[in-house]
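A.B. asks: need a 3D model of the sequence below.
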Amino acid sequence: MTARQPWQMSMRELAAAIRAGWLTARGAVDAHLEHIDEVNPRVNALTVVFHDRARALADEVDRALAAGRDPGPLAGVPFTVKENIDLTWSASTSGWPFLANAVPAEDATMVARLLAAGAIPIGRGNMPDFGLRWDTDNDLFGRTLNPWDPARVPGGSSGGDAVAVATGMTPLGLGNDYGGSLRLPAYAAGVCALRPSAGRIPAPTASGEEPVTLTLQHFAVNGPIARTVDDLDTAFALMHGADGRDPLVSTLPHPAGYDGPRRAAVVRDPLGWGIDPQVGEAVDRAAAALTAAGWEVEHVEPPLLEEAAVLWRRLSSAEMVGAFRPGGLPAPLSAGSTTYFLDNAEEVEPFTGADDYAMAWARRVAIAAAWARFQADHPVILGPVSARRMPRIGFDLEGPAATTELWRAHRLLVAVNFLGLPSVALPTGLDEDGLPTGVQLIGPRDGDHVALAAGRAVEAALGHIAPLAARDVVAG
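C.D. replies: Okay, the predicted model is just below:
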């Protein structure tokens, strides 16, 4: 373990090294900060870096350990925080110039819980303004580059944190997922992400006084990005549970393992709409890994998948289009986010009235019931994160048809959000062009441990991708 640099270690390895005295917290933080200073200018993944505060917290951890006190299970471990998650050290900007000075009075619960575990915030992760694109670019901080191919998007909206994890700037990033915003950038970066079940991790903002649209209540979750499935599990175990502020979150058991039926449904080409060859090969490798680990694998598609994906798009568009009408926002969003959203809305069938809108939510319950019956027989669903490799920069701004092509590529991705299910995204190696490939493993509602168990089985066979050194980051 000590032969590697601290920035090359997983979160759990780093925590163990610090607790064992092989490495000081200050040494770990200094190594990450030095690596950030070398790598971040190449990719622009972190918008703010907390050099002084992180070092001061690391010194506190070292003093506690020297005095025989227990500073927590993640003592001295750095983590990054997406720009829309409250952290009292800096503004929660959501990548929007209008919020450049919006410093919160309290930490989000997930941040507070990691702080209590001894972890140390080291920087902020970039995102598209308001999280409205499957890309990471904004007028406040600029573009985050994909370290594997700067001509391709890094995914969004948690793109900054995913790139930071992939390049060793942090072993853990915090993000959120309304339409794939954890899993898609993890897929692009070659790292792991857990989209928890809805209602498991409290809101990203400490205040609960503002109204929240129904789609945000039901589709959006917060979760971790890391380089190993075990790190995802450890972070989730620390962050989940009710906090007395977010009324949508409950405290449920999170089993350490899974001893239920090991049956998986493989969806190689969702709805038969087509996939890139590299995507199909990744699903095949993951399915073979599950089979070798003793899982029963069957190629079968969950019910009503197309309706779930269509309703996610219709509902998300309907609830946000008002923000783009005169007076809908206190300040304009970037040209890119505005263009993408309005082009996307042009391609979506509008609701004809209140009854039509209400029926969409009513259908959600029926679709969820059908998936629950399906997952009683197939607890895990294995499929692509996206049906395509990551697109080139600017593809999503090429007009309404391009937005529909992206949605079609992400059909299985957004169906998970529509239904509030847990899903683990993880890499399956590199393709012939040296780009990461990956899959997602979808568990039943509140079966986060089931998805994580399947993820471990795939990772055990296929491994994980080592963090990129500065010399390995592809120059833009």
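
A.B. asks: what about the residue of the chain positioned farthest from its centre, distance to residue 240?
C.D. replies: Distance from the centre of the chain peaks at residue 67, with 37.0 Å (C-alpha atoms, centre = their mean). Separation of residue 67 from residue 240 (C-beta to C-beta, to the nearest Å) stands at 30 Å. (Glycine included, C-beta is placed from N, CA and C.)

A.B. asks: tell me who's in contact with the residue farthest from the centre of the chain.
C.D. replies: Residue 67 makes contact with no residue, according to C-beta atoms under 8 Å, 6 or more residues apart in numbering.

A.B. asks: cool, and residue 257?
C.D. replies: 449, 453.

A.B. asks: what's the helix or strand for it?
C.D. replies: Using DSSP states H and E, residue 257 sits in no helix or strand.

A.B. asks: give the closest residue to residue 98 in space, chain neighbours not counted.
C.D. replies: The shortest distance from residue 98 to any non-neighbouring residue, by C-beta to C-beta, 6 or more residues apart in numbering, is to residue 331 (3.7 Å).

A.B. asks: hmm, I typed the wrong one, I wanted residue 163.
C.D. replies: Leaving out its chain neighbours, residue 163 is closest to residue 45 (C-beta to C-beta, 6+ apart), at 3.9 Å.

A.B. asks: so the one you found touches residue 164, yeah?
C.D. replies: Yes. With contacts counted by C-beta atoms under 8 Å, residue 45 reaches residue 164, the gap being 4.5 Å.

A.B. asks: anything in contact with each of these two?
C.D. replies: In contact with both residue 45 and residue 164: residue 125, using C-beta under 8 Å, 6+ apart.

A.B. asks: between the two, point out the one with more neighbours.
C.D. replies: residue 164 (35 against 32; other C-beta atoms under 10 Å).

A.B. asks: thought residue 174 was touching residue 84?
C.D. replies: No. Residue 174 lies out of contact with residue 84 (C-beta under 8 Å); the separation is 10.0 Å.

A.B. asks: give me the pLDDT value at the residue farthest from the centre of the chain.
C.D. replies: pLDDT, residue 67: 97.

A.B. asks: just the C-alphas of the helix or strand that residue 188 is a member of, formatted as PDB.
C.D. replies: Assessed by DSSP H and E, residue 188 sits inside helix 183-189. Extracted in PDB, the C-alpha atoms of helix 183-189 (Å, rounded to 0.1, in the frame of the first residue of the first chain):
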ATOM      1  CA  ARG A 183     -24.100   7.400 -13.400                       C
ATOM      2  CA  LEU A 184     -23.500   9.100 -16.700                       C
ATOM      3  CA  PRO A 185     -20.400  11.100 -15.700                       C
ATOM      4  CA  ALA A 186     -19.100   8.000 -13.900                       C
ATOM      5  CA  TYR A 187     -19.500   6.100 -17.100                       C
ATOM      6  CA  ALA A 188     -17.700   8.800 -19.000                       C
ATOM      7  CA  ALA A 189     -14.800   8.900 -16.500                       C
END
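
A.B. asks: please work out how many residues are found near the closest residue to residue 425 other than its chain neighbours.
C.D. replies: Leaving aside its chain neighbours, residue 425 sits nearest to residue 183 (3.8 Å; criterion: C-beta to C-beta, 6+ apart). Residues lying near residue 183 (other C-beta under 10 Å) number 33.

A.B. asks: show me the contacts for residue 183.
C.D. replies: 177, 193, 195, 385, 413, 423, 425, 440.

A.B. asks: CSV for those, including secondary structure?
C.D. replies: Supplementary listing: the contacts of residue 183 in CSV, determined by DSSP: H, G, I helix; E, B strand; the rest coil:
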residue, secondary structure
177, strand
193, strand
195, strand
385, coil
413, helix
423, strand
425, strand
440, strand
